[in-house]
Structure formats: C-alpha cells, structure tokens
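**Student:** Structure of the sequence below:
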Amino acid sequence: MFTFREHIEYDEQTGVMEDKLLYTALENLKNHTGIQGWIAAADKGDADGVLRLLINNREDTFTILIKGEIRFHQLEQIRQMAKKHKNLLLIANTIFPKIKQELRNNRICYLDKAGNIFVQTDKNYIWIEGQKNDRLKIDKINRAFTPAGLKTVYLFLINENLVNQPQRTIADEAGIALGNINYIINGLKEYEFLIEKGRKHFQMINKEQLLNKWIEAFEEKLKPTLHIGNFRFTARITENNWKDIALKPNETYWGGEPAGALITNYLVPEIFTLFTDETRNNLVKNYHLIPDNTGNIQIFKKFWKGQATYNETVVHPLLAYAELMNTGNSRCMETAKIIYDRHIRENI
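**Tutor:** This next block holds a predicted model:
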C-alpha cells in the first residue's frame, strides 16, 4: 500500500490516515465525475508525491500536498509551494468555502475528501462543488475554545501571569461568568496547553500551537458574535485620510488592516476594522459613518477589559496579527509576520 513519508501516522484532527484520505478523495472523485487518478511517485522533495489525473481524455500531472484542514494562516506557505511546483494540487479532508475562493483566485488546484475539485491548468479546467462527506467528525466540546473561553485564552496569551490569579479576577478581566473559568482551565490542560507546577500553580506550554488554534477559533466562533455592522465613509472622511479620524481613547480601537498599518507603517488598508464600546448611533455620529451591509468598515464589539492594547486607539499586536493572518491576503500576511517578529515572538 502506498504511504507518504510525512503522512504515515494517524491524524487525530481529521480522524483518518493521510494516505487513506487521498484514496478516499480519488474514489469519491471517480464516482461523482468519472475522473480517474493514479499515483506516479510517492515522494517529491518537499511535497507529498506526484499524481496523474485523466480529465476529459486529457492527462495532467500534479505535485500534491496533503493537509487535514486548511486554515487562512497556511495560505502563504501554500502559495509559495504553488510558485515552486507547477500544477500543485492541494488535497485535504476539509477546505472551507472562503479558502476555496482564495485558492481559485490564485489558480491553485484543490481536491477535498468528498470529491469536490478545482483544476485550472494549460490542459484542463474543471470546478465541481456540492459533494458532502458521508460522515463528519464531531469533536467533543472543549470549553477553552467557546466564545467565553476564547476571550480568556486571549488574555492568557497576552499576560501569562493572569492564569495564576484568582478565578474571580480572571473572570472579571475576561468579562465572563465566574463558573466558566474552571472549565476553561481544564480545557487547556486537556489539550496540553497548561500544566500544573505545584498546587494550583499553572504554566502555559506549547504557546505557539495555542496561538494558532486561537486564531482559527477566533475567526469562526468569537468574531461573528461581536459584529455590530458594516459601514462606509461619508464624503467628509475618505480612505485616504482615515488616520485623521479622532477615535475615542480607550473606547474605540483600530483593528485588522488599520492596526497593521499603524503598528508597522507597512500596509495600506482596504478593509477598516474597529473594536468599540460605543453604541451604533454614537459611531455614526462621531465618525461620520453610513450603515452599508457591503461597506468596507467592519465594526465589532470590544471583547476585553483594561489596557490589553497596543495604545489607546490600536488593538493589541496579537489581535492585529490574528486578524491579518485570517485574511489570507499576502500583503496582510507579510504585515502580520512583521508584527509577530517585533511584538509577539519573544513571548511565544
């Protein structure tokens, strides 16, 4: 049986052997479309092999890269692989719709376990969606990655000392109910992000992995619950003079691309993100905004207490980094790397 040099072990995230994932994807692809595939080589340097597909009687050869699930923070690495390898084919258990869109925008071919495929090469073009996995793995709920848990973990990542403060203090800082804290602590211990060093004294470990998991979960589980609305600038304020807007200190903060621009002086924002304690009406009045569901100003409720920020009008670098990574945009991700190197790396 064919196996990949880096994908022989059982993957706990996807619940399958990685080589089984490939064969299942090819079998589903054949059943749904008639497209046949076979393995031409089991190894290709930094990739996972070579695959041939027969599409409409035209054979294409692909360098393949196998992943469990694809997240936005992995896209830059995938883009670099696609530059290096002609006809890169990404194969994954799950690829979320927004990530598929970004892959198509970059002409990166993909195939998921259910048999959904996108191929754009010199010989072939095919795009098939709508196939579902027969069985989705349902993970046990871990309270560290619920919305309440994510608020707490964010503060732990910024200030590790908080984890050893009284639970009532932690709950107050995170703005959540006291009863959640013990569940969150146990959830972090279960995932081996927290260990006990003596009686009721904890130490955070694997912080980089925790940060990556927080980034993913923040985008999916917490950020949507904070959304106040989308807006656009009036004629009085434009995208060219957004820095002239006088935000209310310690109440409203630039996040995302504007935060990246202000922290690094490297990025010209296209999407303007704000986190705030102000009411919707005050936002419109104070900052000359017009509600617009398709507007490029996205406003969210502030989810932390105190001064867990870069300054009085810019979010903490860790939050800016997370949002920039989740865009999947190469320029934003370059800015995120600068922020990581300057403001995050030494604490992770």
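**Student:** thought Lys100 was touching Phe118?
**Tutor:** Yes - in this structure, Lys100 is within contact of Phe118 by Cβ atoms under 8 Å, at 7.0 Å. C-beta: built from backbone N, CA, C; applies to glycine.
**Student:** State the mean pLDDT of stretch 229-238.
**Tutor:** Averaged across stretch 229-238, the pLDDT comes to 82.
**Student:** Also stretch 264-283?
**Tutor:** Per-region confidence: stretch 264-283 scores 95 on mean pLDDT.
**Student:** For the closest residue to Glu196 other than its chain neighbours, give its distance to Arg143.
**Tutor:** Distances taken as Cβ to Cβ, 6 or more residues apart in numbering put Phe202 closest to Glu196, at 6.0 Å, once the chain neighbours are dropped. Phe202 sits 16 Å away from Arg143, going by Cβ to Cβ, to the nearest Å.
**Student:** do Leu88 as well
**Tutor:** 38 Å.
**Student:** neighbour count winner among these two?
**Tutor:** Neighbours were counted for Leu88 and for Arg143 using other Cβ atoms under 10 Å; Leu88 has more, 21 against 18.
**Student:** okay, the nearest residue to Lys84 once chain neighbours are set aside: pLDDT?
**Tutor:** Leaving aside its chain neighbours, Lys84 sits nearest to Asp46 (7.9 Å; criterion: Cβ to Cβ, 6+ apart). At Asp46, the predicted lDDT confidence score is 80.
**Student:** For the longest helix anywhere in the chain, what is the distance to the chain centroid?
**Tutor:** For the chain, the helix with the greatest residue count under DSSP state H is helix 18-33. Offset of helix 18-33 from its chain centre (Cα atoms, centre = their mean, to the nearest Å): 26 Å.
**Student:** quick revisit: measure the residue nearest to Lys84 to Asn87 for me?
**Tutor:** Relative to Asn87, Asp46 is positioned 15 Å away (Cβ to Cβ).
**Student:** tally of neighbours for Ala246?
**Tutor:** Residues lying near Ala246 (other Cβ under 10 Å) number 9.
**Student:** Could you do the one 3 residues further on as well?
**Tutor:** Using other Cβ under 10 Å, Pro249 has 10 other residues around it.
**Student:** Equivalent analysis for Glu129, please.
**Tutor:** When neighbours are counted by other Cβ under 10 Å, Glu129 registers 11.
**Student:** Next up, the contacts around it.
**Tutor:** 100, 116 (Cβ atoms under 8 Å, 6 or more residues apart in numbering).
**Student:** hmm, 6 Å instead?
**Tutor:** Asn116 (Cβ atoms under 6 Å, 6 or more residues apart in numbering).
**Student:** Over to Asn296?
**Tutor:** Ile271.
**Student:** do the same with Ile55
**Tutor:** Here Ile55 is in contact with 35, 124, 126 (Cβ under 6 Å, 6+ apart).
**Student:** is it true that the first one touches Leu29?
**Tutor:** So that's Ile35. Yes - Ile35 lies in contact with Leu29 (Cβ atoms under 6 Å); the separation is 5.3 Å.
**Student:** Those two: which has the busier surroundings?
**Tutor:** Neighbour count, other Cβ under 10 Å: between Ile35 and Leu29, Leu29 has more, with 23 against 20.
**Student:** Phe231 versus that one, what's the distance?
**Tutor:** 43 Å.
**Student:** what do you get for Ile290?
**Tutor:** For Ile290 relative to Phe231 (Cβ to Cβ), the value is 6 Å.
**Student:** Comparing these two, which residue is more hemmed in?
**Tutor:** Phe231 (23 against 12).
**Student:** any idea which element that one lies in?
**Tutor:** Counting by DSSP states H and E, the element that carries Phe231 is strand 227-233.
**Student:** Fine by me, we can end here.
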